[in-house]
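Participant: Sequence plus the predicted model coming up.
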Amino acid sequence: MGFISSFFNPQKPRGFNMPTRYYDKQKEDREHRRAVVLQQVKLEQGEELPKGVFVSDLHRKFEQNRISSRRSKDGSLKTLVMLAFLIFLGAYFIMNM
């Protein structure tokens with residue numbers, strides 16, 4: 001019975017609903033600076049922060065620099081491997097001619 005009803009009344013396709021995503025780097029930086037200042041104020045007032053909560057801007061910039069340098073090294077390594085492969089392939093075809 002279920003087959004007959006699905007044959008005459010097919011299911012409608014599901015609607016596509018994707019929430020918009022917007023990355024605002026300035027807002028993220030502003031929120032980070034605000035959090036750092038609030039943590040510094042708490043430290044000056046004598047409140048203790050849980051261990052590992054405070055991350056300085058210097059540490060954050062160091063991590064970003066390390067990640068970007070790793071990406072550039074990976075890209076140059078891929079380029080060198082492709083270049084070596086093409087040189088090997090070209091030498092193989094020249095030797096077999």
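Facilitator: Received, thanks. Numbering: from 1, shown residues only.
Participant: Distance-wise, check G15 relative to R33.
Facilitator: 40 Å (CB to CB, to the nearest Å). Heads up, the C-betas are built off the backbone N, CA and C, glycines and all.
Participant: More neighbours: the two, which one.
Facilitator: Higher neighbour count among G15 and R33: R33, with 11 against 5, using other CB atoms under 10 Å.
Participant: Just the element for the more buried one, please.
Facilitator: helix 25-44 (DSSP states H and E).
Participant: where does the protein have low pLDDT?
Facilitator: 1-7, 49-61, 67-74 (pLDDT under 70).
Participant: How about the helix holding R33, which residues are buried there?
Facilitator: Counting neighbours by 16 or more other CB atoms under 10 Å, one finds that the buried residues in helix 25-44 are Q39.
Participant: for it, packing partners?
Facilitator: Counting contacts by 3 or more CB pairs under 8 Å, 6 or more residues apart in numbering; DSSP states H and E, helix 25-44 packs against helix 57-96.
Participant: before we move on, the earlier item: CA atoms only for the helix holding R33, dumped as PDB, please.
Facilitator: C-alpha atoms of helix 25-44 as PDB (Å, rounded to 0.1, in the frame of the first residue of the first chain):
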ATOM      1  CA  LYS A  25      38.800  39.800  10.600                       C
ATOM      2  CA  GLN A  26      38.700  43.300  12.100                       C
ATOM      3  CA  LYS A  27      35.900  42.300  14.400                       C
ATOM      4  CA  GLU A  28      37.800  39.200  15.500                       C
ATOM      5  CA  ASP A  29      40.900  41.200  16.100                       C
ATOM      6  CA  ARG A  30      39.000  43.800  18.100                       C
ATOM      7  CA  GLU A  31      37.400  41.000  20.300                       C
ATOM      8  CA  HIS A  32      40.800  39.500  20.900                       C
ATOM      9  CA  ARG A  33      42.300  42.800  22.000                       C
ATOM     10  CA  ARG A  34      39.300  43.400  24.200                       C
ATOM     11  CA  ALA A  35      39.700  40.000  25.900                       C
ATOM     12  CA  VAL A  36      43.500  40.600  26.400                       C
ATOM     13  CA  VAL A  37      42.800  44.000  28.000                       C
ATOM     14  CA  LEU A  38      40.100  42.500  30.300                       C
ATOM     15  CA  GLN A  39      42.500  39.700  31.300                       C
ATOM     16  CA  GLN A  40      45.200  42.300  32.100                       C
ATOM     17  CA  VAL A  41      42.700  44.300  34.200                       C
ATOM     18  CA  LYS A  42      41.800  41.200  36.100                       C
ATOM     19  CA  LEU A  43      45.400  40.500  36.800                       C
ATOM     20  CA  GLU A  44      46.000  44.100  38.000                       C
END
